[in-house]
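K.L.:
Compute the structure for the input listed below.
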Amino acid sequence: MEFKIEHTWNSFPVTHDPVVIRLIPENGGILMEVSAPFFKDPPAPLGEPGKPFNGLWDYEVVEAFFLNDETQQYLEVELCPHGQHLVLLLSGRRKVCKQELPLMFEVSRTSAKWNGRAHLPWSYFPPATDKFNAFAIHGSGVDRTYEALYPILQHEIQKEQKPDFHRLEYFKSLNLKPLTGEDWKQPISDLWASCKQTN
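P.N.:
Residues are numbered from 1 along each chain as shown. Sure thing, here's the model as predicted:
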């Protein structure tokens, strides 16, 4: 399953090779592969590579969100070309239930490109995941660029509106059955069982 981020958050075409995200089945979960241009802007976070880093969204990052549209519970995965990551479980829009969860995440880089492999266990996915969106951020100051797989349409942009990746109404359907098989049932997650639903 492959997705290409070809637009900015407000629907303008990107001016570089698109970020590519692949979802691949593996034992106990999904392998999320990222292939992206390496902008080297902003500089690397000060956190240790391979460890969670809170505030990673302020750096160069690729993000994937996996949503249960009915419960508004979602998994947010942030991956950085410098090796840091951030995994959040949210129960309701912007309502963090768990954060800085551990993640097996490997990165390789050249001067122009980076590739990441994140192993996402099923316990991180909200029950009955059925929607998805993905984002990429890079640049500093006025050159800060926000990109979205499923962006907001230009005619829907309000005056002085800023990018907001938690606009769940713009997420689109995700059917995991092609990865898992038709008869597969998502395992019950103790992590999500301890998150209160807010709606």
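
K.L.:
Going by residue numbers, what spans are strands in this protein?
P.N.:
Using DSSP state E, the strands of the chain run over 2-5, 7-8, 19-26, 29-37, 61-68, 73-79, 85-91, 96-99, 104-109, 113-121, 131-138, 145-148, 172-173.

K.L.:
to the chain's geometric centre, what's the distance from the helix or strand bottoming out on mean pLDDT in the chain?
P.N.:
Ranked by mean pLDDT, DSSP states H and E, the helix or strand of the chain with the weakest confidence is helix 177-180, at a mean of 86. Put simply, helix 177-180 sits 19 Å off its chain's centre (CA atoms, centre = their mean, to the nearest Å).

K.L.:
Which secondary structure elements does it sit against?
P.N.:
Helix 177-180 sits against strand 19-26, with contacts defined as 3 or more CB pairs under 8 Å, 6 or more residues apart in numbering; DSSP states H and E. For every residue, glycine as well, the C-beta is placed using N, CA and C.

K.L.:
Buried ones in the strand it packs on, by neighbour count?
P.N.:
Across strand 19-26, burial judged by 16 or more other CB atoms under 10 Å covers 19, 20, 21, 23.

K.L.:
so what pLDDT did the residue positioned nearest the centre of the chain get?
P.N.:
The structure's the chain has its C-alpha centroid closest to residue 64; by CA atoms, centre = their mean the separation is 1.5 Å. Per-residue pLDDT puts residue 64 at 98.

K.L.:
which residues touch it?
P.N.:
Applying CB atoms under 8 Å, 6 or more residues apart in numbering to residue 64 gives the contacts 21, 32, 76, 77, 132, 133, 134, 135.

K.L.:
what's across from the closest residue to the fourth one other than its chain neighbours in the sheet?
P.N.:
Leaving out its chain neighbours, the residue that sits closest to residue 77 by CB to CB, 6 or more residues apart in numbering is residue 64, at 4.8 Å. Residue 64 forms beta bridges with residue 77, residue 134, as assigned by DSSP bridges.
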